[in-house]
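Engineer: Compute the structure for the input listed below.
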Amino acid sequence: MYSIGPLTVAPGERAQGLIPVGTSTYGVELGIPLIVVNGVQDGPVLCVDAGVHGDEYDGQEAVRRALAEIDPATLRGTVVGIPCMNTPAFEVAARASGIDHLNLNRIFPGDAEGSYSQRLAATFVEQVVPAVDAVVDLHTGGAYGEIAPLVILQGGYEDLATDLALAAGHELVWKGGKWGGTVRHPALAAGKPAITIEVGGGTYREANVETHMNSIRNVLRGLGMTDGEAELRDTYTTVSGTFARSAAGGFFVARAEPGENCKEGDLIATITDHYGNTLEEVTAPQDGIVLWVRRIRTVRPGDEVVIFGEILGEIRP
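Structural biologist: Residues are numbered from 1 along each chain as shown. Model prediction:
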């Protein structure tokens, strides 16, 4: 038997349910929705989550479809799917919660006595992390931007999480995430491999759903949970990430696409006023790769407009 939150799932069975976190002002129970597939054979417990940001849709659908296609009769171990971690953010179609307006992906491990998002993070740490062996966190660029397909491997945890990161299948491996408080952090701190997979954004695309699903399938093979060998690339490119922010407000137009190689000084984006006058040019700070580009044309001073990746090296499996 496998237990997580309120669910107890027998070998060869499926279950779904909600880990409660709190009640909304209109009396609806809020929490973490779970889909669990428990294999007949023993093996690792993999958690795949999405919807930490409510405006990132492709991963949410990928979790549902990936869990639906898994056959518990041949699965070794257990897969825990969280199709939408942050339902209050999904409700308002936004990156941050519609209840307390916090960015869930910056506040882990949370606070069991804090606001709803803080309690949500704490509940994940207290009830999900101890019940799983590895975490794959699915994201996109959100409604405001689009990101090249990549996997984020937290700096300092390479020995723990590199194998999982390479199984994600993307050529670009973002070494870092200097910011803290992500879903990855409490799992890594508990000694469990955890990665974030990014692809797409700007809007929902079926191709991005399938890309996320392919990563899940390959991770399952890499962990020995399903038949077959994980497909690995001959080489992976490691990058860092630098966030460029606007100095001027106005109308934003990208001049480069996610995944595009650039030379130092290349024009990546422009910001104009309503008369067409150029207020600002965003250029590449050094040779590298454009990782994320803003898609919302409205831009205010200090807004994120581009994430630029400096090439650090390569990984050969």
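
Engineer: number of nearby residues for the closest residue to residue 55 other than its chain neighbours?
Structural biologist: Distance criterion C-beta to C-beta, 6 or more residues apart in numbering; nearest residue to residue 55, sequence neighbours excluded, is residue 143 at 4.0 Å. Where C-beta positions appear, they are placed from N, C-alpha and C, glycine not excepted. Neighbour count for residue 143, taken as other C-beta atoms under 10 Å: 19.

Engineer: Same check on residue 295?
Structural biologist: For residue 295, the neighbour count with other C-beta under 10 Å is 17.

Engineer: Which pLDDT value does the model give the residue nearest to residue 55?
Structural biologist: Looking at residue 143, its pLDDT is 92.

Engineer: Contact partners for it?
Structural biologist: With contact taken as C-beta atoms under 8 Å, 6 or more residues apart in numbering, residue 143 is in contact with 55, 93-95, 201-203, 295-296.

Engineer: make it 10 Å
Structural biologist: Neighbouring residues of residue 143 by C-beta atoms under 10 Å, 6 or more residues apart in numbering: 53-57, 93-95, 201-204, 295-296.

Engineer: And residue 248, by the same measure?
Structural biologist: Applying C-beta under 10 Å, 6+ apart, the residues contacting residue 248 are 271-273, 278-280, 299-301.

Engineer: quick check, nearest of the contacts of residue 143 to residue 37?
Structural biologist: residue 57 (22.1 Å; C-beta to C-beta).

Engineer: so how many other residues sit close to the residue nearest to residue 153 when sequence neighbours are not counted?
Structural biologist: Spatial nearest neighbour of residue 153, chain neighbours left out: residue 165 (4.3 Å); criterion: C-beta to C-beta, 6+ apart. Residue 165 has 29 neighbouring residues, counting by other C-beta under 10 Å.

Engineer: buried set for the one helix or strand residue 165 maps to?
Structural biologist: Per DSSP states H and E: residue 165 is located in helix 158-167. By neighbour count on 16 or more other C-beta atoms under 10 Å, the buried set for helix 158-167 is 160-167.

Engineer: Between the residues you listed, which sits nearest residue 2?
Structural biologist: Lowest distance from residue 2 to the buried residues of helix 158-167 (C-beta to C-beta) belongs to residue 164, with 20.6 Å.

Engineer: got a list of what that closest one touches?
Structural biologist: 46, 134-136, 151, 153, 192-195, 219, 222-223.

Engineer: same thing with residue 182?
Structural biologist: By C-beta under 10 Å, 6+ apart, the neighbours of residue 182 are 52, 103-108, 137, 139, 152, 154, 188, 194, 196.

Engineer: Recalculate using a threshold of 7 Å.
Structural biologist: By C-beta atoms under 7 Å, 6 or more residues apart in numbering, the residues touching residue 182 are 105, 108, 196.

Engineer: cool, residue 174 as well?
Structural biologist: Residue 174 makes contact with 150-153, 239, 241, 309, according to C-beta under 7 Å, 6+ apart.

Engineer: Then residue 312 would be within a strand, right?
Structural biologist: Yes - assessed with DSSP: H, G, I helix; E, B strand; the rest coil, residue 312 lies in a strand.

Engineer: surely it meets residue 176?
Structural biologist: No - at 9.2 Å, residue 312 does not count as touching residue 176 under the criterion of C-beta atoms under 7 Å.

Engineer: any shared contact partners between these two?
Structural biologist: Common neighbours of residue 312 and residue 176 (C-beta under 7 Å, 6+ apart) are residue 240.
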